[in-house]
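K.L.:
Structure for this input, please:
(one chain, ligands or ions: 1)
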Amino acid sequence: MEQLTLADLQRRVDDWIREIGKGYFPPLANMAILTEETGELARVIVRKYGPQVPKPGDLDKSLEEELADVLWVVACLANQTGVDLTEAFRKAMKKKTERDRTRFRNTES
Ligand SMILES: [Mg+2]
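P.N.:
The predicted structure follows:
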(Lines give C-alpha, C1' and ligand atoms only; values in the text may rest on other atoms or scores of the structure.)
Protein backbone atom coordinates (compact mmCIF):
# COMPACT_ATOMS: atom_id res chain seq x y z
CA MET A 1 0.00 0.00 0.00
CA GLU A 2 1.18 3.50 -0.80
CA GLN A 3 2.76 5.33 2.14
CA LEU A 4 1.19 8.71 2.80
CA THR A 5 2.76 11.25 5.14
CA LEU A 6 0.95 14.17 6.70
CA ALA A 7 2.84 16.42 4.26
CA ASP A 8 1.58 14.27 1.37
CA LEU A 9 -1.94 14.52 2.75
CA GLN A 10 -1.77 18.31 2.96
CA ARG A 11 -0.29 18.57 -0.54
CA ARG A 12 -2.85 16.24 -2.09
CA VAL A 13 -5.75 18.07 -0.48
CA ASP A 14 -4.29 21.38 -1.67
CA ASP A 15 -3.86 20.06 -5.23
CA TRP A 16 -7.44 18.82 -5.25
CA ILE A 17 -8.83 22.07 -3.86
CA ARG A 18 -6.98 24.12 -6.48
CA GLU A 19 -7.62 21.85 -9.46
CA ILE A 20 -11.10 20.50 -8.77
CA GLY A 21 -12.55 22.43 -5.85
CA LYS A 22 -11.62 25.82 -7.32
CA GLY A 23 -10.49 27.22 -4.01
CA TYR A 24 -10.90 26.82 -0.28
CA PHE A 25 -14.08 27.68 1.54
CA PRO A 26 -13.41 30.39 4.12
CA PRO A 27 -12.05 29.07 7.45
CA LEU A 28 -15.33 29.71 9.25
CA ALA A 29 -17.19 27.66 6.64
CA ASN A 30 -14.64 24.88 6.97
CA MET A 31 -15.05 25.01 10.73
CA ALA A 32 -18.79 24.49 10.25
CA ILE A 33 -18.07 21.64 7.82
CA LEU A 34 -15.71 20.08 10.37
CA THR A 35 -18.49 20.23 12.92
CA GLU A 36 -20.86 18.61 10.42
CA GLU A 37 -18.36 15.86 9.69
CA THR A 38 -17.68 15.16 13.35
CA GLY A 39 -21.44 14.85 13.78
CA GLU A 40 -21.55 12.29 10.98
CA LEU A 41 -18.67 10.45 12.64
CA ALA A 42 -20.52 10.53 15.96
CA ARG A 43 -23.64 9.14 14.28
CA VAL A 44 -21.75 6.11 12.98
CA ILE A 45 -19.96 5.51 16.30
CA VAL A 46 -23.01 5.86 18.52
CA ARG A 47 -25.00 3.48 16.34
CA LYS A 48 -22.20 0.99 15.85
CA TYR A 49 -20.69 1.01 19.37
CA GLY A 50 -23.29 2.78 21.46
CA PRO A 51 -26.84 2.17 22.61
CA GLN A 52 -28.63 3.67 19.63
CA VAL A 53 -30.39 1.37 17.23
CA PRO A 54 -29.64 2.35 13.64
CA LYS A 55 -32.45 3.69 11.50
CA PRO A 56 -32.50 2.74 7.83
CA GLY A 57 -29.58 4.50 6.15
CA ASP A 58 -27.74 5.37 9.38
CA LEU A 59 -24.89 3.01 8.63
CA ASP A 60 -24.68 3.68 4.92
CA LYS A 61 -21.49 5.59 5.62
CA SER A 62 -18.64 3.75 7.26
CA LEU A 63 -16.48 4.73 10.20
CA GLU A 64 -13.54 4.76 7.79
CA GLU A 65 -15.31 7.18 5.45
CA GLU A 66 -16.30 9.57 8.22
CA LEU A 67 -12.83 9.57 9.79
CA ALA A 68 -11.39 10.41 6.36
CA ASP A 69 -13.94 13.23 5.94
CA VAL A 70 -12.79 14.73 9.25
CA LEU A 71 -9.16 14.36 8.21
CA TRP A 72 -9.89 16.09 4.89
CA VAL A 73 -11.38 19.18 6.54
CA VAL A 74 -8.58 19.31 9.12
CA ALA A 75 -6.11 19.34 6.20
CA CYS A 76 -8.09 22.14 4.54
CA LEU A 77 -8.02 24.24 7.70
CA ALA A 78 -4.30 23.58 8.19
CA ASN A 79 -3.50 24.47 4.58
CA GLN A 80 -5.43 27.69 4.48
CA THR A 81 -4.05 28.89 7.82
CA GLY A 82 -0.43 27.91 7.19
CA VAL A 83 -0.21 25.09 9.70
CA ASP A 84 2.32 22.33 9.03
CA LEU A 85 0.52 19.28 10.43
CA THR A 86 3.74 17.26 10.67
CA GLU A 87 5.31 19.85 12.93
CA ALA A 88 2.06 20.43 14.80
CA PHE A 89 1.74 16.70 15.46
CA ARG A 90 5.35 16.45 16.65
CA LYS A 91 4.70 19.27 19.12
CA ALA A 92 1.44 17.67 20.28
CA MET A 93 3.18 14.32 20.90
CA LYS A 94 5.95 16.03 22.85
CA LYS A 95 3.46 18.00 24.94
CA LYS A 96 1.30 14.97 25.68
CA THR A 97 4.27 12.75 26.48
CA GLU A 98 5.78 15.24 28.90
CA ARG A 99 2.47 16.13 30.51
CA ASP A 100 1.04 12.62 30.77
CA ARG A 101 4.15 10.49 31.31
CA THR A 102 2.89 9.26 34.70
CA ARG A 103 -0.73 10.34 34.47
CA PHE A 104 -2.30 6.93 33.86
CA ARG A 105 0.03 4.73 35.92
CA ASN A 106 -2.16 4.49 38.98
CA THR A 107 -5.53 4.44 37.35
CA GLU A 108 -7.62 1.32 37.27
CA SER A 109 -9.43 0.39 34.13
MG1 LIG B 1 -19.01 12.69 6.16
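K.L.:
Which residue does this protein have closest to the ion?
P.N.:
Going by C-beta to the ion, the ion is nearest to Asp69 of the chain, at 3.6 Å. Glycine gets a C-beta too; all of them are placed from N, C-alpha and C.
K.L.:
Would you mind listing the residues in contact with that residue?
P.N.:
The contact partners of Asp69, taken as C-beta atoms under 8 Å, 6 or more residues apart in numbering, are 37, 40-41.
K.L.:
Low-confidence regions, this protein specifically.
P.N.:
Along the chain, the model assigns pLDDT under 70 to residues 108-109.
K.L.:
Could you pull up the contacting residues of the residue nearest to Leu85 when sequence neighbours are not counted?
P.N.:
Closest residue to Leu85 apart from its sequence neighbours, by C-beta to C-beta, 6 or more residues apart in numbering: Leu6 at 4.4 Å. If you count contacts by C-beta under 8 Å, 6+ apart, Leu6 has them with 85-86, 89.
K.L.:
Give me the subset of those lying in helices.
P.N.:
85-86, 89 (DSSP state H).
K.L.:
Which one of the contacts of Leu6 sits in the busiest neighbourhood?
P.N.:
The residue in those with the most neighbours, by other C-beta atoms under 10 Å, is Leu85 (19 neighbours).
K.L.:
Touching, that residue and Gln10? I think so.
P.N.:
Yes - Leu85 is within contact range of Gln10, at 5.9 Å (criterion: C-beta atoms under 8 Å).
K.L.:
who touches both of these two?
P.N.:
Residues touching both Leu85 and Gln10 (C-beta under 8 Å, 6+ apart) are 75, 78.
K.L.:
Counting residues, name the longest helix you see in this protein.
P.N.:
Assigned via DSSP H, the chain shows its longest helix as helix 27-48.
K.L.:
quick one on the thing from earlier: quick one: the residue nearest to Leu85 and Gly21, what's the gap?
P.N.:
20 Å (C-beta to C-beta, to the nearest Å).
K.L.:
Equivalent analysis for Pro27, please.
P.N.:
Per C-beta to C-beta, Pro27 is found 15 Å from Gly21.
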